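Trainee: Here's a sequence, model it:
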Amino acid sequence: MRIYATLALLGTFALAACGGGAAGGSATSGGSILPGGGSGNSTQSVTENAITVANSVGTPMKTVQTINSSTSPLSFARHALSVTPGQCNNGFEFFAPDKNNDANSTESQWFYDSSCTQLARDIVRIYTPLSASAETVSRTVKVYAQGNTTASTVRTDSVTFTNATFDKNGFASVTAGFDRVGNNTLDIAGSRTIDSNDETVMLPASSGVNEFCGDSAGFNATGIASLNETFGWQGGTLQPGTRTLNSDGSVTWQSTHTGNGFKGAIGSLSVNTGTQNTACPITTPMFTLSGGTQGGSYSIPITATYAGGELTNLTVSNAQLANGNSLNVVTNAGQPPLSSTFISGTIANSGTQIATFAVNAFGDGTLTVTSSGTQYVMNDWHVVK
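Mentor: Purely as a prediction, here's the structure:
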């Protein structure tokens with residue numbers, strides 16, 4: 001049985017502890033990037049902590065968007081079972097082949113309006129079979145601001161699937177399970193801004209439930225100019241999480257995401273690549289980060305639900321971290337998925353709010369540092385400037 005449901009590997013990071021001054025020689029940086037006590041509660045250190053936590057939300061979410069469009073041709077449809085290729089379906093269109101008529105290709109388009117006139121995201125994937133159970137996928141995602149016909153950001157993914165079963169359009173079956181590895185970049189205004197890598201092990205489903213695990217690492221290649229430093233992340237769902245197909249066709253994911261945050265001088269971070277995993281749990285991640293200063297470990301349980309290819313609920317409830325830090329993430333049901341206030345996050349220390357972030361279902365929005373009111377732009381689930 002084919003399950004046309006969204007695959008969403010979810011998880012959320014938060015930085016637990018980090019020693020040492022900020023890279024780049026900032027005079028305002030304290031002795032810790034955490035906001036608890038002493039010199040660690042300087043304006044820059046609080047900002048560093050806020051950026052690190054916000055980036056951590058994006059680590060698994062970047063993988064989610066790629067996996068979603070690589071496991072079902074209807075995965076981005078609001079009404080997955082009623083999509084007709086080439087026709088508007090309440091703000092979504094799907095094409096096979098793509099609109100350019102490339103061989104072995106598909107294209108998915110999201111619109112701000114239900115009549116499909118204001119393009120929001122355009123996703124083209126071209127797949128190359130390697131064998132009966134393996135293929136590579138080249139995926140390009142263009143994001144458009146409302147009312148603008150020029151893409152504001154372009155994300156490119158190079159993905160390899162192995163131990164997989166594919167349909168006629170080259171989409172991997174979640175039911176059968178697979179192993180995948182992705183190399184991802186995000187360009188803003190022609191500048192390569194985010195570099196990241198990830199792997200996922202999806203075990204075959206049993207009675208509508210899959211177990212999965214994975215890891216990822218990445219960093220901001222251009223850095224945050226106002227802070228004269230950059231930020232990175234590594235971690236994953238190393239112990240198996242679960243993906244459950246619900247009776248209404250939605251899927252609920254439960255997992256615990258663990259890892260570390262990093263900061264460093266601009267240009268100092270890089271991703272190390274090891275051996276691919278094909279079983280859970282993961283004892284040695286395939287991807288790790290090097291350079292900069294490593295933060296303390298974190299471990300946060302999360303729950304998320306997708307329906308018809310859309311994120312309908314993402315929850316992190318009062319996750320308690322080191323040094324009095326906490327993280328809460330909620331989905332605002334009254335807001336549409338493409339609203340920049342669809343998902344809200346609150347970062348606090350010892351009960352006092354230090355930052356908030358608000359993004360749409362694709363991780364585009366803003367991070368606001370409470371004490372200074374300074375806002376930072378988030379694209380594709382990470383702080384970019």
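Trainee: pLDDT on stretch 175-192, on average?
Mentor: For stretch 175-192, the mean pLDDT works out to 93.
Trainee: ok, then the element right after the longest strand along the chain?
Mentor: Looking across the chain with DSSP state E, the single longest strand is strand 230-245. Reading on from strand 230-245 to the C-terminus, the next helix or strand found by DSSP states H and E is strand 251-264.
Trainee: Would you mind identifying the next helix or strand past that following strand?
Mentor: The helix or strand immediately downstream of strand 251-264 is strand 270-273, counting by DSSP H and E.
Trainee: quick one: buried residues of the worst-scoring helix or strand of the chain on mean pLDDT?
Mentor: Least confident helix or strand, the chain: helix 43-68 with a mean of 76, by mean pLDDT, DSSP states H and E. Buried residues in helix 43-68, defined by neighbour count with 16 or more other CB atoms under 10 Å: 44-68. In short, each C-beta sits where N, CA and C put it, glycine included.
Trainee: centre of the chain versus it, how much separation?
Mentor: On the basis of CA atoms, centre = their mean, to the nearest Å, helix 43-68 sits 8 Å off its chain's mean C-alpha point.
Trainee: and the helix or strand immediately after that helix in the chain, which strands flank it?
Mentor: Going down the chain from helix 43-68, the next helix or strand is strand 92-95, by DSSP H and E. According to DSSP bridges, strand 92-95 forms sheet pairs with strand 105-111 (antiparallel).
Trainee: what's in contact with the partner strand?
Mentor: 69, 73, 75-76, 88, 91-100, 116-127, 169-171, 338 (CB atoms under 8 Å, 6 or more residues apart in numbering).
Trainee: got a list of what the closest residue to residue 59 other than its chain neighbours touches?
Mentor: Closest residue to residue 59 apart from its sequence neighbours, by CB to CB, 6 or more residues apart in numbering: residue 233 at 5.0 Å. Residues near residue 233 by CB under 8 Å, 6+ apart: 13, 52, 55-56, 58-59, 216-219, 259-262, 289.
Trainee: next one: the helix or strand that contains residue 180 to chain centre, how far?
Mentor: Using DSSP H and E, the element containing residue 180 is strand 178-188. Distance, stretch centre to chain centre, for strand 178-188: 10 Å (CA atoms, centre = their mean).
Trainee: What is it packed up against?
Mentor: On a contact count with 3 or more CB pairs under 8 Å, 6 or more residues apart in numbering; DSSP states H and E, strand 178-188 meets helix 43-68, strand 153-162, strand 191-202.
Trainee: Test of understanding: give the bridge partners of residue 224.
Mentor: Beta-bridge partners for residue 224, by DSSP bridges, are residue 229.
Trainee: so who does residue 311 touch?
Mentor: 8, 304-305, 331, 337, 342-343, 361.
Trainee: Just the buried residues of the contacts of strand 105-111.
Mentor: Among these, those classed as buried by neighbour count (16+ other CB under 10 Å) are 69, 73, 75-76, 88, 91-98, 116, 119-127, 169-171, 338.
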